[in-house]
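J.: Based on what follows, work out the 3D shape:
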Amino acid sequence: MTRRFGALRRGLLLAVAVTAALLTVGLSAVGAFAPTERSSVDARLRLAGLAQAPDDIVIVAIDARSLDKLNRFPLPRRFHAQVIDRLRRAGARAIAYDVQFTDASGSPADDERLYFAVQDASRVVLATTEVDEQGNTKIFGADPRLLRESGARGASTNIIKDDDGVIRRWNYAVDGLTTLPVALQEVVGGTPIAPATLGSDRFYVDYRRPGSFRTVSFFDVRAGAIAGTTLTETFKDKVVFVGATAPSLNDVHAVSAGGGQMPGVEVLANAFDTVRRDAPLRAVPGWVGTLLAVALAFVGPFINLRFGPLRAFALTIVTAGAYAGLTQLAFGWGRVLPAVAPLAAIGLSAVGSIVVHYITEAFERQRVRDVFGRFVSDSIARKVMEDGDGDVRLASDRIECTVMFSDLRGFTTYSESHSPEEVVTVVNAYLSEMSAAILDHGGTLTAYLGDGIMALFGAPYTQDDHAELALAASREMLVRIRHFNDWMQETGRGEGFRMGIGLNSGPVMVGTVGSERRLEYTGIGDAVNIAARIEGMTKDVRRQLLVCETTKQRLQRNHPDLVFVEERPVRGRAATVRLWGLEADAPLAAPISPAAPSPSP
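T.: Alright, predicted model coming up:
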């Protein structure tokens, strides 16, 4: 790199850093990274490893077994009263009931029994999703005095999910009513909790391992018999959650823990456990994420000033990996750092820095680009520039490759009966289709021979699977000729053509031939001559594709539809060649219907 491009390069790298920083901060501000950021939090939670649930929280599950045994739904309120009485007598420390008891049930006796069971239990928090503008509920009826006189606490279980429907965070309050996990901890702890204690009014749920809370069937608790233990041993001094787990009740939610589903009552238990631990997972302030994104946006350009593009890119990747590791470490310490925006910033600046490097390098090597850009393919031009010796010739190499020759049948006759403009349109459309098939499979176009094509697979770059690539390109060419013929017929240009393709593999001398003013990249050798002869044989055997046995032997995969055709002599050679073709390309085979739009000239 000369000095005159040094200042330009530094200026462009600075512009890359500033642009990456502004773009990242802007996209972050409009929420473009939010879905990916949420997924990254899920991944960090899984990587951190979920602990087992504490043993002082027990779930009483209204499960499928309970519904089946009790054979009633909704369950009568006297059933709930019986369970609350059982839990009180067993010495439960507090009860969180995730079943709504709004308005009357239709059985005054059942309603009264439930009311007095709650009143006797004293430390009960009742869930509701119905809250008026003043934060009042209809638990036990429209009169709020009933709830107060029962001694129970009403709390919201309205869930505010993230945009993707996953529960990652929990609210301190919803619609003016404290949520159940917060209210329950206030009941258990005996002191009010302020949002600041939890970091904010919307905090991350620090999930325990799914399914690790001890769970007892509602039916067993109501019956007063738990296999292998007693109610007292199970519930004494425990915080008990009662709620639905039966799939038929549809109280199941997507959660970040384990990337799966979790019953609502288990989500509440996790949220409560998070609250009583003062919400250990806390997001850093927004300005920290902005500062990190801006700082990392300058990493790629700064490294690029000191090292070459590949080393700089590798060091940038290492830096990005180190930051990703830092986010995981911080997560373990209870801090949720933004991951996506800073990594996007460093990625954008790294890519931009590489672009700047090659743009400035392109100015230095413009002469070579100008020379080779006009006469050879892009792949060959790149190889010459990588050689870096300034020579306009590409050194010859002896390379093992597969040679392809192809030609149209009947095109000469077609040309004689149509206008030159029509002929040019047709041949350009045909060559565009066939060239795309060859290039898409890694082939190098070395010559257009009127309506014919010569191509090499495995040159100028060595390709171990050159025979596979050549056969795959040939298959696509056979499909494309059908589409091309459909286009000919649809546009009134004629019935179309058949084509001939010959493949042969072997050692070939490849390189550029010609003068300083006119160059051509080509292959020379016996393998090339035989490929040309095989293409000519397609006329005699009435097949569009013939594959020499030398190519078949180099195929790396099995091709059941590649069948032996015949053994034929080669003009100018004493030895014969064994030829193979595709079953679908047999002389009497029906044409394949096109599966894609017709080509356009």
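
J.: Surely residue 538 and residue 532 touch.
T.: No - contact between residue 538 and residue 532 fails when scored by Cβ atoms under 8 Å: they sit 11.5 Å apart. Heads up, the C-betas are built off the backbone N, CA and C, glycines and all.

J.: Are there residues contacting both of those two? Which ones?
T.: Listed contacts common to residue 538 and residue 532 are residue 502; contacts here mean Cβ atoms under 8 Å, 6 or more residues apart in numbering.

J.: Of the two, which one has the most company?
T.: Neighbour comparison, residue 538 and residue 532: the larger count goes to residue 538, with 24 against 16 (by other Cβ atoms under 10 Å).

J.: For the more buried one, pull up the helix or strand it's in.
T.: The secondary structure element spanning residue 538 is helix 526-541 (assigned by DSSP states H and E).

J.: elements contacting the helix or strand just after that helix?
T.: On the C-terminal side of helix 526-541, the closest following helix or strand by DSSP H and E is strand 545-548. Taking 3 or more Cβ pairs under 8 Å, 6 or more residues apart in numbering; DSSP states H and E as contact, the helices and strands that strand 545-548 lies on are helix 466-490, strand 498-514, helix 526-541, strand 576-582.

J.: Dump the last one to PDB, restricted to CA.
T.: Meaning strand 576-582. Listed in PDB are the C-alpha atoms of strand 576-582, where the atom choice follows Å, rounded to 0.1, in the frame of the first residue of the first chain:
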ATOM      1  CA  THR A 576     -11.600 -47.200 -28.000                       C
ATOM      2  CA  VAL A 577     -13.600 -45.300 -25.300                       C
ATOM      3  CA  ARG A 578     -16.400 -46.700 -23.200                       C
ATOM      4  CA  LEU A 579     -19.300 -44.300 -23.000                       C
ATOM      5  CA  TRP A 580     -22.000 -43.900 -20.400                       C
ATOM      6  CA  GLY A 581     -25.300 -41.900 -20.500                       C
ATOM      7  CA  LEU A 582     -28.300 -41.100 -18.400                       C
END
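
J.: ok, and what's touching it?
T.: 475, 478, 530, 534, 537, 541, 543, 545-549, 552, 561-570.

J.: what angle do it and strand 498-514 make?
T.: In terms of direction (axes from the mean of the first three to the mean of the last three Cα atoms, to 10 degrees), strand 576-582 departs from strand 498-514 by 120 degrees.

J.: Now find how far off-centre strand 576-582 is within its chain.
T.: In terms of Cα atoms, centre = their mean, to the nearest Å, the gap separating the centre of strand 576-582 from the centre of its chain is 44 Å.

J.: try stretch 181-191
T.: Distance of stretch 181-191 from the chain centroid (Cα atoms, centre = their mean) equals 42 Å.

J.: With stretch 179-195 instead?
T.: The answer for stretch 179-195 is 40 Å, by Cα atoms, centre = their mean.

J.: got any ranges where the chain has weak pLDDT?
T.: 1-6, 142, 258-259, 362-396, 515-519, 588-601 (pLDDT under 70).

J.: on that earlier part again, the helices and strands packed on strand 545-548: which one's closest to residue 282?
T.: Taking Cβ to Cβ, helix 466-490 is the member of those nearest to residue 282, at 54.7 Å.

J.: Could you pull out the buried residues of that closest one?
T.: Of the residues in helix 466-490, those scored as buried under the neighbour-count criterion (16 or more other Cβ atoms under 10 Å) are 466-478, 480-488.

J.: Pull out the buried positions in the longest helix anywhere in the chain.
T.: For the chain, the helix reaching the highest residue count under DSSP state H is reported as helix 3-29. By 16+ other Cβ under 10 Å, the buried positions in helix 3-29 come out as 9, 12-13, 16-17, 20-21, 23-25, 27-28.

J.: hmm, which two among the residues you listed are most spread apart?
T.: Farthest apart among the buried residues of helix 3-29 by Cβ to Cβ are 9 and 28. That separation is 28.4 Å.

J.: rewinding a little: the buried residues of helix 3-29 into TSV, with extra columns for distance to residue 127?
T.: Supplementary listing: the buried residues of helix 3-29 in TSV, determined by distance: Cβ to Cβ, whole Å:
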residue	distance to residue 127
9	64
12	60
13	58
16	54
17	52
20	48
21	46
23	45
24	42
25	41
27	39
28	36
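
J.: Burial check on residue 189, number of neighbours?
T.: Residue 189 has 12 neighbours, counted by other Cβ under 10 Å.

J.: got it, and residue 64?
T.: Using other Cβ under 10 Å as the criterion, residue 64 is surrounded by 14 other residues.

J.: quick revisit: I'd like to know which of the helices and strands packed on strand 545-548 lies nearest to residue 290.
T.: Using Cβ to Cβ as the measure, helix 466-490 is the one of those that comes nearest residue 290, at 48.4 Å.

J.: what is the orientation angle of that closest one with helix 526-541?
T.: With the same axes, to 10 degrees as the criterion, the two stretches helix 466-490 and helix 526-541 enclose an angle of 40 degrees.

J.: From what I see, residue 58 and residue 212 are in contact.
T.: No - if you go by Cβ under 8 Å, residue 58 and residue 212 don't touch, sitting 11.9 Å apart.

J.: List every C-alpha atom in stretch 164-176, with coordinates, as CSV.
T.: These are the backbone C-alpha positions of stretch 164-176, laid out as CSV (Å, rounded to 0.1, in the frame of the first residue of the first chain):
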residue,chain,number,x,y,z
ASP,A,164,-42.8,-13.6,20.8
GLY,A,165,-45.2,-15.0,23.4
VAL,A,166,-42.5,-16.1,25.9
ILE,A,167,-42.6,-15.3,29.6
ARG,A,168,-39.1,-14.0,30.5
ARG,A,169,-40.0,-11.2,32.8
TRP,A,170,-42.7,-10.5,35.5
ASN,A,171,-44.4,-7.3,36.4
TYR,A,172,-44.5,-5.8,39.9
ALA,A,173,-48.1,-4.7,39.3
VAL,A,174,-50.7,-4.8,36.5
ASP,A,175,-53.6,-2.4,36.3
GLY,A,176,-52.8,-1.0,39.7
